[in-house]
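>>> after the sequence you'll find the predicted model.
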Amino acid sequence: MLLEGWAARYSLRTDGSRRITGILLPGDFCGIHAVSGAIMDHSISAITVCEIGMIDVSELHKAFQLTPRLGQALWRSKLIEEATLRTWLVNSKNAIWSLAHLLCELHARLVQAGLAKGNVCDIPLTQEDMADILGLTAVHVNRMLRELREEGLLEFSHMRLEIPDVSALHTAARFDPQYLYQGLSASM
């Protein structure tokens, strides 16, 4: 489990380029595959300095029996992970919407985790990282960030995101956070 920092799930394409398929924030499971005995088909890389907590699989299975809500939380985590990737894929047709949507998503997740201060949050992703998430080039991401800034929808400088009007950015990005299951009770 990621306790501190940011990490990314990624896979390498046949040409050797990286495609980020998930962003991990504090509280996210890194090695959910171990619970089922499956082999991980991707890699995880630290984006920032990270602290991880190791959980013995046999102890985790015991904990699931004693506290079924823990197992439900694991399933909820997997639902969100899969929904996020589907959303990234569906939004990939329009570069500016994709980028705006990604920033809305990250802001919403950081707010939920208590890691944002209102409409301001640190997002330690480079333009290359964002490009690897969205399937774009870093130059294209740079242009889209400039366009969003010129439209007054956001400021992104030195890895700090400020959203002057969150609802305006949500509208422009067509962002509906329902896929993040934020309203779903942890007790399910």
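Happy to help now that I have it.

>>> now do the helices in the protein.
Along the chain, counting by DSSP state H, helices occupy 33-36, 57-66, 68-90, 95-112, 127-134, 138-150, 166-173.

>>> tabulate those helices (a markdown table), appending mean neighbour count.
Every residue, glycine included, has its C-beta placed from N, CA and C. Compiled in a markdown table, those are given as follows (neighbours: other C-beta atoms under 10 Å):
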| stretch | mean neighbour count |
| --- | --- |
| helix 33-36 | 13 |
| helix 57-66 | 11 |
| helix 68-90 | 15 |
| helix 95-112 | 21 |
| helix 127-134 | 21 |
| helix 138-150 | 16 |
| helix 166-173 | 17 |
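
>>> ranking those helices by mean pLDDT, which is last?
Mean pLDDT is lowest for helix 33-36 out of the helices of the chain, coming in at a mean of 62.

>>> wait, Cys121 sits on Phe156?
No: look at Cys121 against Phe156 with C-beta atoms under 8 Å: they stay out of range, at 10.5 Å.

>>> so how far is Leu134 from the residue nearest to the spatial centre of the chain?
Central residue of the chain (C-alpha atoms, centre = their mean): Ile23, 3.6 Å from the mean position. Distance from Ile23 to Leu134, counting by C-beta to C-beta, to the nearest Å: 12 Å.

>>> for Val49, which of the helices of the chain is the nearest?
helix 127-134 (15.6 Å; C-beta to C-beta).

>>> pull the distance from the closest one to the chain's centre.
12 Å (C-alpha atoms, centre = their mean, to the nearest Å).
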